[in-house]
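**Q** below is the sequence, then the predicted model.
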Protein chains: 2
Amino acid sequence: MTDTVISSATREVVIGFNRPFVIIGERINPTGRKILAAEMAAGDYSRVEADARAQVEAGAHMLDVNAGIPLADEPAILARAVQLVQSITDVPLSIDSSIVAALEAGLAVYKGKALVNSVTGEEERLEAVLPLIKKYGAAVVAISNDETGISEDPDVRFAVAKKIVQRAMDYGISPSDVVVDPLVMPIGAINQAGVQVMRLLHRLKTELKVNTTCGASNISFGLPRRNGVNAAFLTMAISSGMTSAITNPLHPEVIEAVMGADVMMGHDPDCARWIRKFRDVPPAGAPLEGAGRGRREGGHRRRPA
Amino acid sequence: MTDTVISSATREVVIGFNRPFVIIGERINPTGRKILAAEMAAGDYSRVEADARAQVEAGAHMLDVNAGIPLADEPAILARAVQLVQSITDVPLSIDSSIVAALEAGLAVYKGKALVNSVTGEEERLEAVLPLIKKYGAAVVAISNDETGISEDPDVRFAVAKKIVQRAMDYGISPSDVVVDPLVMPIGAINQAGVQVMRLLHRLKTELKVNTTCGASNISFGLPRRNGVNAAFLTMAISSGMTSAITNPLHPEVIEAVMGADVMMGHDPDCARWIRKFRDVPPAGAPLEGAGRGRREGGHRRRPA
């Protein structure tokens, strides 16, 4: 099956159907984060560094880096953020911008083989981004919309994804270096969004045989208890063939859903990673039987040997 | 698609592919519950009543009632438990025993159309149980093992399920009144247990077109943080076509996984049930922004209107 290899200077991550799911941390993104945007624009990257460390510590296998700040020098800021993040962590990065010059600035300083986020099926974008992917030997996220917008019909989105893969091949880029984003819509607005994306993920896996990613948190936009919806989405999407997602590893529900899905898919041999992660953790909300015997409330509890 | 109708004297539950998932509460079962077993054997059903009320309150749509107590008069105890549970709640029941005389005693006093748990593919069981199902107009759980035991090959288990459905038809029982249990094995022991059961559930839905149930908690036997594994299993199984499960509704993770899966499958129009359930509930572990302003720690928090 298809393996997509992404790397930093010293570490390799492989996205693939027979492998554990890849979590790409979404936090380094000033969209909707006013303080972070102001700091990055002013040359203060302390929060970027903190977000990078926290996400890797929480279980992110890769980090998305976005510097989309209105009126700022996005290429310079993105390049600086990429350099900084690479100086403090060795996980591979997704270089994320809608501005082609920013993608190139990020690629120019990146050490390793990056994932570029993203290209769409729009002609202008294909012609601007794909040559960069080839030049830098990167992989690319292909978003399944085009000049006509985002179709609600998963078969139309499949056709757009197929076109992008074919255009990438025309530029000498292997289909294994194209990671398709099926586009996840808020299920609070579109009741069939889940069924649509599962169907599309299944076709992308079985027919186009490409790896997939998405902005997973979109699914729960506008709903209460978003992490519960996100967990259900991630679990089902993984069973439908999704192999990575840009999401928030700082939510324990997200990590648990992904690790549980890996167990169910047979991608955690002997459940070794699950057991290592949870053997000392009492269930959420469970009474702490050891409480009152010197342990602080909320602390971890060892099971009796 | 196939609808399986189960009823009490006053309420109907329909198990089906285009409907919300049906949770069958597993708690009224003395297996492994010494105190409950001793109480039931002594004619004390107070814990049975409490378990019935608590499970319905927590979200169970049906309740499984089992009276498997060694050396006790199981037919009499099961019949009494069925009567008592029906006197205090109106959800339909699953009458659960490995003793045919107990199943008949339960059916004789049951008001409505019961689900009988269970028949296997063993000749002796088929010949003993299926006439009872026909006589009482009940539905039946068909467990996909036979004289040769439980196969690890999902295709063999599919063949056993198909045989039971055919034998049921010979007795004049509609396939829509056969709910197949694909048999869920502990994934800590059998790494491919998840993949196997998903494959089997998919075949049962698309080829045999029958509803399905299972003892869902088996999947996590021996693992830490069982509810996390159970949640991942339920979510994936629902996306593979499972339509009901015998499980523990007292675990909030189970209810949340099932409700999240219903949202993702498009079986919760406008996410209305999700929103009603969770609009006032802060995420687990989240800081309570309203704390210190008169609300108790751990209490529910209303969003600002």
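**A** Ah, there it is. Numbers count the residues shown, from 1 in each chain, chains lettered A, B, ... in the order given.
**Q** A:A9 against A:K113, yeah?
**A** No - taking contacts as Cβ atoms under 8 Å, A:A9 lies outside contact range of A:K113: 10.2 Å. C-beta here means a position set from N, CA and C on the backbone, and glycine is covered the same way.
**Q** not counting its own residues, what contacts the longest strand belonging to chain A?
**A** Determined from DSSP state E, the single longest strand within chain A is strand A:22-28. With contact meaning Cβ atoms under 8 Å, 6 or more residues apart in numbering or on different chains, strand A:22-28 is reached by A:13, A:15, A:48, A:51-52, A:54-56, A:58-66, A:81, A:85, A:94, A:115, A:213, A:215, A:217, A:243-250, A:254-255, A:258.
**Q** neighbour count winner among A:A9 and A:K113?
**A** Between A:A9 and A:K113, A:K113 has the larger neighbour count (other Cβ atoms under 10 Å in any protein chain shown), namely 18 against 10.
**Q** residue contacts, the more buried one?
**A** So A:K113 contacts A:5-7, A:92, A:137-139 (Cβ under 8 Å, 6+ apart).
**Q** secondary structure element for it?
**A** Counting by DSSP states H and E, there is no helix or strand that carries A:K113.
**Q** could you check how far it is from chain B?
**A** Taking Cβ to the nearest Cβ, to the nearest Å as the measure, A:K113 falls 31 Å from chain B.
**Q** same deal with A:P186?
**A** 10 Å.
**Q** then A:S174?
**A** Distance from A:S174 to chain B, counting by Cβ to the nearest Cβ: 28 Å.
**Q** neighbours of that residue, how many?
**A** A:S174: 12 neighbours (other Cβ under 10 Å).
**Q** over to A:K111?
**A** Other residues within reach of A:K111, judged by other Cβ under 10 Å, total 16.
**Q** with A:T10 instead?
**A** 10.
**Q** contacting residues for the residue lying closest to A:D3 once chain neighbours are set aside?
**A** Excluding the flanking residues, the one nearest A:D3 by Cβ to Cβ, 6 or more residues apart in numbering or on different chains is A:G16, at 4.2 Å. By Cβ under 8 Å, 6+ apart, the contact list for A:G16 reads A:1-4, A:211, A:243.
**Q** scan those residues and report the most crowded one.
**A** A:N211 (29 neighbours).
**Q** give me the three-state assignment for A:N191.
**A** Three-state call for A:N191 (DSSP: H, G, I helix; E, B strand; the rest coil): coil.
**Q** meant to ask about A:R53
**A** helix.
**Q** who's in contact with it?
**A** A:R53 neighbours (Cβ under 8 Å, 6+ apart): A:88-89.
**Q** repeat that for A:V48.
**A** Residues in contact with A:V48 (Cβ under 8 Å, 6+ apart) are A:28, A:36, A:40, A:65, A:81, A:84-85.
**Q** one more time with 7 Å, if that's ok
**A** Residues in contact with A:V48 (Cβ atoms under 7 Å, 6 or more residues apart in numbering or on different chains) are A:28, A:40, A:81, A:84-85.
**Q** hang on, the earlier thing: restricted to helices, list the contacts of strand A:22-28.
**A** A:48, A:51-52, A:54-56, A:58, A:81, A:85, A:254-255, A:258 (DSSP state H).
**Q** now flag whichever of the residues you listed is closest to chain B.
**A** Checking those against chain B by Cβ to the nearest Cβ gives A:V258 as the nearest, at 9.1 Å.
**Q** run a quick neighbour tally on that closest one.
**A** With other Cβ under 10 Å as criterion, A:V258 counts 26.
**Q** would you confirm that it contacts A:L234?
**A** Yes - using Cβ atoms under 7 Å, A:V258 makes contact with A:L234 at a distance of 5.8 Å.
**Q** okay, A:I150: pLDDT?
**A** Looking at A:I150, its pLDDT reads 89.
**Q** now it: closest residue in space, sequence neighbours ignored.
**A** That would be A:L183: by Cβ to Cβ, 6+ apart, it lies 5.6 Å from A:I150.
**Q** how many neighbours does the one you found have?
**A** Neighbours of A:L183 under the rule other Cβ under 10 Å: 22.
**Q** pLDDT on the following helix or strand past the longest strand of chain A, on average?
**A** Going down the chain from strand A:22-28, the next helix or strand is helix A:34-41, by DSSP H and E. The pLDDT scores in helix A:34-41 average 96.
**Q** with stretch A:170-180 instead?
**A** In this model, stretch A:170-180 has a mean pLDDT of 98.
**Q** quick check: closest non-adjacent residue to the closest residue to chain B within the stretch 1-150 of chain A.
**A** Relative to chain B, the nearest point of the stretch 1-150 of chain A is A:N18 (11.1 Å; Cβ to the nearest Cβ). With Cβ to Cβ, 6+ apart as the criterion, A:N18 has its nearest non-adjacent residue at 5.7 Å, and that residue is A:M1.
**Q** what sits against that neighbour?
**A** Neighbour list for A:M1: A:16-18 [criterion: Cβ under 7 Å, 6+ apart].
**Q** A:G106 is in contact with A:A138, correct?
**A** No - contact between A:A138 and A:G106 fails when scored by Cβ under 7 Å: they sit 9.8 Å apart.
**Q** output the below-cut-off pLDDT ranges for the stretch 151-300 of chain A.
**A** Regions of the stretch 151-300 of chain A meeting the criterion pLDDT under 70 cover residues A:282-300.
**Q** give me that answer again for 90
**A** Low-confidence segments of the stretch 151-300 of chain A, defined by pLDDT under 90: A:151-152, A:280-300.
**Q** could I get the full set of strands for it?
**A** A:178-181, A:211-212, A:244-247 (DSSP state E, counting those that start in this stretch).
**Q** which residues are in contact with the last one?
**A** If I follow you right, that is strand A:244-247. A:15, A:21-24, A:26, A:64, A:94, A:179, A:211, A:213-217, A:234, A:254.
**Q** and for the one residue in the stretch 101-250 of chain A that gets nearest to chain B, the neighbour number?
**A** Closest contact between the stretch 101-250 of chain A and chain B, by Cβ to the nearest Cβ, is at A:A232 (2.9 Å). Residues lying near A:A232 (other Cβ under 10 Å) number 34.
**Q** same check, this time on A:V100
**A** 17.
**Q** spit out the contact partners of it.
**A** Contact partners of A:V100, counting by Cβ under 7 Å, 6+ apart, are A:128-129.
**Q** re earlier: within its sheet, name the partner strands of the longest strand of chain A and how each one runs.
**A** strand A:62-66 (parallel), strand A:244-247 (parallel) (DSSP bridges).
**Q** name the nearest residue to A:A189, sequence neighbours excluded.
**A** A:G222 (7.1 Å).
**Q** how about the nearest residue to A:E39, chain neighbours excluded?
**A** Leaving aside its chain neighbours, A:E39 sits nearest to A:R47 (5.6 Å; criterion: Cβ to Cβ, 6+ apart).
**Q** scratch that, A:A101
**A** A:A101 sits nearest to A:P75 (Cβ to Cβ, 6+ apart), 4.8 Å away.
**Q** send me the helix or strand containing the one you found as CSV with only the CA atoms.
**A** Taking DSSP H and E as the definition, one finds A:P75 inside helix A:74-88. What follows is helix A:74-88, C-alpha atoms only, in CSV (Å, rounded to 0.1, in the frame of the first residue of the first chain):
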residue,chain,number,x,y,z
GLU,A,74,4.0,36.2,5.7
PRO,A,75,6.9,34.7,3.8
ALA,A,76,9.5,36.0,6.2
ILE,A,77,7.4,35.1,9.3
LEU,A,78,6.7,31.6,8.0
ALA,A,79,10.3,31.0,7.2
ARG,A,80,11.4,32.2,10.6
ALA,A,81,8.7,30.1,12.4
VAL,A,82,9.8,27.0,10.4
GLN,A,83,13.4,27.5,11.4
LEU,A,84,12.6,28.1,15.0
VAL,A,85,10.4,25.0,15.3
GLN,A,86,13.0,22.9,13.6
SER,A,87,15.6,24.2,16.1
ILE,A,88,13.7,22.9,19.1
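**Q** which strands and helices sit next to it?
**A** For helix A:74-88, the packing partners by 3 or more Cβ pairs under 7 Å, 6 or more residues apart in numbering or on different chains; DSSP states H and E come out as helix A:46-58, strand A:62-66, strand A:93-96, helix A:100-109.
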